[in-house]
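Asker: next input, structure requested:
(one chain, ligands or ions: 1)
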Amino acid sequence: MLAVVGAMDEEVKLLRAEMTGVSEDSHAGILVAKGDYKGTQIVLAQCGIGKVNAAICTQMLVNLYQPKSLVFSGVAGGLLPNMQVGDLVIASHLIQFDIDLTAFGRRHGELPDSDRMIQSDPKLIDKTAEAFDAAFPADDGGPSVMIGTVVSGDRFVEDSKTLRWLQREFGALATEMEGAAVGYTCQLNDLPFVVVRGLSDTANEAAPGDFKSNLETVCQNSFRLMDQLIPALA
Ligand code: SAH
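Answerer: Residues are numbered from 1 along each chain as shown. Below you'll find the model as predicted:
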């Protein structure tokens, strides 16, 4: 069983539409669809926005569905100047950027007794990159893919100062609101995971407007990748 998670309706609805033999359930207010996705048994959940929702959902899926791996698919704000809306980022590492125990000499994002970097599963990263290549053949003018650090915090980033700080402090490619919480929960449960994000905005002053106007189209890029990835994880 593969767990597939998104935060918002737009991030899960295209995948949900391709599922067959579906049974639906609701746990802790989270809608879960279990069924077949082109030959792979999956459980698809819409976790809601933010790290708390993401952690609750991930632990619930672990306990109730015992998945063998988990893929999170959603949108994010890009942090590098050359990034385009629609580009995809595969998180090799995730950090909770708003954990702040610097008062005790720790680095931003660092909790006692754990590394601030949470690692995606290397094999799942490879499979996701292969799925990108299959979904977007090099010569069709499609989006780019980047693999690197993604940061998560309970805040929609919409200013150049914060985006520059996130880039410099964490070496991050993108910022969002769930990935590190999903990753942290998976890590505690020894569950291999990967987080994939399409860029809906560039986390600057234009981000709220960009997010709204790009959400649907960016989710189509993530969907094309996931449509290759999920059958490859059967
Ligand atoms: N539409 C919502 C708010 C969306 S919050 C409302 O009605 O209130 C943004 C969502 O997209 C989060 O799930 C987050 O993971 C992601 N995201 C996209 N761009 C982001 C950015 N610049 N900063 C933080 N999260 C971002």
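Asker: what does the protein have sitting close to the ligand?
Answerer: Counting by Cβ under 6 Å from any ligand atom, the positions of the chain adjacent to the ligand are 7-8, 49, 74-77, 156-157, 175-178, 200-201, 203, 207, 211. Where you see a C-beta, it was placed from the backbone N, CA and C, and this is true even at glycine.
Asker: which residues touch residue 112?
Answerer: Counting by Cβ atoms under 8 Å, 6 or more residues apart in numbering, residue 112 touches 101, 106.
Asker: all the helices of this protein, residue numbers only.
Answerer: 9-18, 51-65, 122-135, 160-170, 179-188, 207-232 (DSSP state H).
Asker: sorry, back to before: what subset of the residues of the chain next to the ligand is buried?
Answerer: 7-8, 74-77, 157, 175-178, 200-201, 203, 207, 211 (16 or more other Cβ atoms under 10 Å).
Asker: among these, which are in strands?
Answerer: Under the assignment DSSP state E, these contribute 74, 75, 76, 77, 175, 176, 200, 201 to strands.
Asker: give me the distance between the residue of the chain found nearest the ligand and residue 221.
Answerer: Nearest residue of the chain to the ligand (Cβ to the nearest ligand atom) works out as residue 77 at 2.6 Å. From residue 77 across to residue 221, the span is 15 Å (Cβ to Cβ, to the nearest Å).
Asker: spatially central residue for this protein, please.
Answerer: The chain has residue 195 as the residue nearest its centroid, 3.7 Å off, counting by Cα atoms, centre = their mean.
Asker: that one touches residue 177, doesn't it?
Answerer: No - with contact defined as Cβ atoms under 8 Å, residue 195 does not reach residue 177; the gap is 11.7 Å.
Asker: rewinding a little: quick one: contacts for the residue of the chain closest to the ligand?
Answerer: Contact analysis of residue 77 by Cβ under 8 Å, 6+ apart lists 156-158, 163, 174-176, 199-203, 207, 211.
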